[in-house]
Structures are given as structure tokens and as C-alpha cells.
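Asker: structure for this input, please:
(2 chains)
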Amino acid sequence: MKSYALFLGCTIPARQPNYELSARKALTKLGIKLVDLDDLTCCCPPPIQSINLETSQAVAAYNICLAEEAGLDIVALCNGCFESLAMANAALKKDENLRAKVNGILSKAGKEFKGTIEVKHFLQVLIDDIGLECIKASVVKPLSTLKVAPFYGCHSLRPSELLEFDDPERPHILEDLIEALGAESVEYRDKLKCCGGLLRGISDDLSLSLARDKIINTTKAGAECIATLCPFCFVALDIGQIQVKSKFNEVYDMPILHYSELLALALGVDPKELALRTHKIKIDKVLEKIL
Amino acid sequence: MTQKTEKTAGMTFSDEVTSRHGGETLTSCYQCGTCASSCPVAKLDSSFNPREIIKLSLLGEKEEVLSGDAIWLCCSCFNCQERCPQKVEIADLIYALRNIALEKGHIPSIYSDFASALITEGRIVKVSKFVEKKRADYGLPPLKPVGIDALNKILSATGFDKLQTKEESQ
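Answerer: Here you go, the predicted model:
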């Protein structure tokens, strides 16, 4: 079975063992070998791109070089890491002048971008390398009757020209993967709209308003939880609900789970092994339905 | 990066933006407003409008663009960029404007914190010793070393490290 260099990024190892554990366990159970490379760094996501785009692209390219040297494609769990690395990879493969410029910078660190590997999102590995049928056949605890609101976040889908993840206006990968676990994927208003995560600390009012819309819309649609793909979306919606409570004096109780957690649970991983206490909004209602 | 600022003397603001990485497509905008109608932030806050930021940039209103709050309110969702009929790379353009603004000393403090963490830790979010120890309890493998030396060579080659010193000295 295929091996991948696992790109963890910064937020997941620092704050979300629930994401790392569920993704590692699920992918391993499905036959993917994950390799942890030495010397990776931050991917340089939008906050660093906001400071300097050229630096961000060069650092993303440096990380890709490490995977090239190991002869491995990269799997990223975080949308931010996926976007930074996949955009740099696509842009540098396409544009020779840019590649020459970036390689000039990388030479100072003894690296050269060659363009020999792919950068994939965790969900692309599930679809491309494992496949929906195999996932369906591997489910031992079907999530029957569970209504799940899919939430892609922004940086899995857009800019689609460089990321080539799914149709940016009518994606279906996540819905398909939710239904493969036996759950019902729920449609809701403004499904593809941003969670506001990147505005946290810049404008908390705007950020919380966007998160609140997401919670209201998924609640109205009858969802019992939201499935996320990104640690920033997870924070914006999970801790966000606590902050919405104090700011708007409104109480919501919408469990937020990474898709990987739903997958690991459906594959029969013991919930005790998944650091589920990381969730600020308790997910007991979801667990009761599954187990 | 500091050399680049000096080179821009005598250029129009529009030229300055299009000469930057990310800013190349500025002049393709014909002000249709698809960006503004696709923007989740503009729906909530009328002080942010991507079409307006582009218009002001094209008109050379440099100070208003660079010292105002608006460019920092983009949530980087790329909805506008995805839908622009003129293929203006709007989200990238806003990064380019932020890059220029920062060289003039405008930066939200949270970005400054991220930059410092990148330089010292190689990560924008620090992994505490406690969390690192806890990994074993969870059954997670130890974290591999971060390539901080290589990273700092890159940050020094692009001038990122000096940019940070400049911020701190202000």
C-alpha cells in the first residue's frame, strides 16, 4: 500500500491531538503508511503570506523538497497546510521563471525544488488511494441515523485552479465520504461560506458572526454535528460557540468533529484512544448514537 | 524587501502593486463587483469591500489603502478570486497590499506574533513541553525536529528576518 509523508503543520500537534490521532489511526487501518520526516517547518499559511508572499512560497517549497528527497508524496491534514503546499507545488511546477527564482533562495539552505511529488489533502488520499467502496466495506460501526453537516472550509476548495480538490461551487467529496460511513449528509444554507477563522484576533466581531451563521444554519437544517477538515475551522466553530455564548448571550450545542474522527469511530477505533476530551462542545450525543 | 521599497520611488502605486508577487493582475479589474457580492465579510461590514480596495489602488490612493483597516479584514476565503470574470487574483492582491503595508510599518499585532514564532520556533504556534510530553500518553510518536537552521537561512535570504527586526524596533 502507498506511503505518504505526513505533514502535521503547527496547530494540530500544538492543540488538536483529536485530529492527529483519528487521522493516523484511520489511515493506518485503511492501509496507508505514514512517514514522519525530519526537519519540516511551518507551511507559511495566510498570516505569514500576509507578511511576505515570496518568503511563504520559498518555505513551502523547502518543505516539499524534503518530501522529494524522501521520494514520498505529502498528505496534509490541515486545509491551511494543504493550500500553502499545494499552491506552491502547482505554481512552481508550471512556472519555470518562478522556479528559478525560488531555487535561488532555496540554494542557501542546500535545497532545490524539482517538482517530482504531489501534495494531497487527507480527503484526496481517502478518495484516490482507498476509494469509497473500500471505506464502505471497512465500516464496522455504521453512523446510521446520524445527520452530519459537511463543512469544507475554504482552503481545501479554493483557489481551485491550483488546488484541484473538487468543484469549488458544487463539491461532493465530503458528502460522499460522510455517506460512506452510513450517516446522512445534511444540506444547509451557505454551506461553502467561510467560518471566519482567519479573522480571529483581527476582528473577533466579524469572526464570531461568521461562525455563528454556520452554527445557526446547520442547526436549522437539523444537523446533529458538523464535520470539519481543518483545525482553524474546528477552533472557530467549537471554541467559537463558547465565545458566541458570551457575546450574543445565545446558547448553541452543536458538536464539531473532524471528518477523521467520524471515520475512525466508524472503523471501530476505541473512542478512548481518540483524545475526545479536546472538544469544548461535548460530543456525547454523537457517541451515544454511534456506539 | 527593503531594497524593493527604495526601488519603488517614482513609480505609480498601481505599478508598485503590479510589480509585487501577488499583485500582478490588479489592472485587469473592470469594477463589475462580482468580488463584493461574493464576499462574506462585505455582507457583514460595509467598511470592507474588495472592489473598493482595487478601485482605490488603481486610483493611486496609496495612503488610504495602506494605512486603513480594510485590507486586514479580508478573511482569505478566495471566493472573490474564484469567481472574478477577469481573473484578478484578488485574495493574492490583498496579500500583496498587506506585504507593502507591512514594509511601511503597518501590521496587526497577531501577525507580528506569528512572525516571531516562525523565526524562533519554526512554527507559528508553539508546541509546549507539556503537550510534547503528553503525546506519549496519547500513543502518538515523538515530534520530529523542526528544520530551524534551514528555515533561518531562507528567512535571511528573503529578508524576512530583517523585516521582523524592523517591526520590533518600532
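Asker: please count neighbours and contacts with C-alpha atoms only from this point.
Answerer: Noted.
Asker: checking my notes, residue A:74 in a strand, right?
Answerer: Yes - secondary structure of residue A:74 (DSSP: H, G, I helix; E, B strand; the rest coil): part of a strand.
Asker: so it touches residue A:67, yeah?
Answerer: Yes - Residue A:74 lies in contact with residue A:67 (C-alpha atoms under 8 Å); the separation is 6.7 Å.
Asker: need the overlap of contacts for the two.
Answerer: A:5, A:117 (C-alpha atoms under 8 Å, 6 or more residues apart in numbering or on different chains).
Asker: where do the helices sit along the chain?
Answerer: Assuming you mean chain A. For chain A, the helices defined by DSSP state H occupy A:11-15, A:17-29, A:46-51, A:53-70, A:79-94, A:96-106, A:122-125, A:132-138, A:160-163, A:173-180, A:204-220, A:231-248, A:259-266, A:284-290.
Asker: sorry, I should have been clearer: chain B.
Answerer: B:2-7, B:13-18, B:34-38, B:40-44, B:50-58, B:62-67, B:79-83, B:90-103, B:109-121, B:129-138, B:148-158, B:160-169.
Asker: show me the chain divided up by domain.
Answerer: Picked chain A for this. Domain ranges of chain A: A:3-122, A:132-290, per automatic domain parsing.
Asker: let's do chain B instead
Answerer: B:2-103, B:109-169.
Asker: show me what from the stretch 1-150 of chain A comes close to chain B.
Answerer: Neighbours of chain B within the stretch 1-150 of chain A, by C-alpha under 8 Å from any C-alpha of the partner chain: A:9-11, A:13-14, A:17, A:21, A:36-42, A:46-55, A:58-59, A:105-106, A:108-109.
Asker: of those residues, select the buried ones using a ChimeraX command.
Answerer: Selection of the buried residues among the residues of the stretch 1-150 of chain A next to chain B in ChimeraX, burial being defined by 16 or more other C-alpha atoms under 10 Å in any protein chain shown:
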select /A:9,10,11,13,14,17,21,37,39,40,41,42,46,47,48,49,50,51,52,53,54,55,58,59,105,106,108,109
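Asker: is it true that residue A:81 touches residue A:9?
Answerer: Yes - between residue A:81 and residue A:9 a contact is recorded at 6.3 Å, counting by C-alpha under 8 Å.
Asker: so what sits against both of those two?
Answerer: Shared contacts of residue A:81 and residue A:9, counting by C-alpha under 8 Å, 6+ apart, come down to residue A:43.
Asker: which ones are touching residue 131?
Answerer: Just going to use chain A. Counted by C-alpha under 8 Å, 6+ apart, residue A:131 has zero contacts.
Asker: meant chain B, my bad for not saying
Answerer: Applying C-alpha under 8 Å, 6+ apart, the residues near residue B:131 are residue A:14.
Asker: adding distance to residue A:93 and mean pLDDT, write the domains of chain B out as a markdown table.
Answerer: Converted to a markdown table, the domains of chain B look like this (distance: least, C-alpha to C-alpha, whole Å; pLDDT from 0 to 100):
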| stretch | distance to residue A:93 | mean pLDDT |
| --- | --- | --- |
| domain B:2-103 | 17 | 93 |
| domain B:109-169 | 20 | 90 |
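Asker: out of those, which one sits most buried?
Answerer: domain B:2-103 (a mean of 19; mean count of other C-alpha atoms under 10 Å in any protein chain shown).
Asker: ok, the nearest residue to residue A:26 once chain neighbours are set aside - contacts?
Answerer: Leaving aside its sequence neighbours, residue A:26 sits nearest to residue A:264 (C-alpha to C-alpha, 6 or more residues apart in numbering or on different chains; 4.9 Å). Residue A:264 makes contact with A:22-23, A:25-26, according to C-alpha under 8 Å, 6+ apart.
Asker: how close does residue A:264 sit to chain B?
Answerer: 15 Å (C-alpha to the nearest C-alpha, to the nearest Å).
Asker: and what of residue A:246?
Answerer: 20 Å.
Asker: residue A:135 too?
Answerer: 24 Å.
Asker: got it, and residue A:251?
Answerer: Taken as C-alpha to the nearest C-alpha, the span from residue A:251 to chain B is 21 Å.
Asker: wait, residue A:85 sits on residue A:40?
Answerer: No - using C-alpha under 8 Å, residue A:85 is not in contact with residue A:40; the gap is 12.0 Å.
Asker: what residues do the two have in common as contacts?
Answerer: Common neighbours of residue A:85 and residue A:40 (C-alpha under 8 Å, 6+ apart) are residue A:63.
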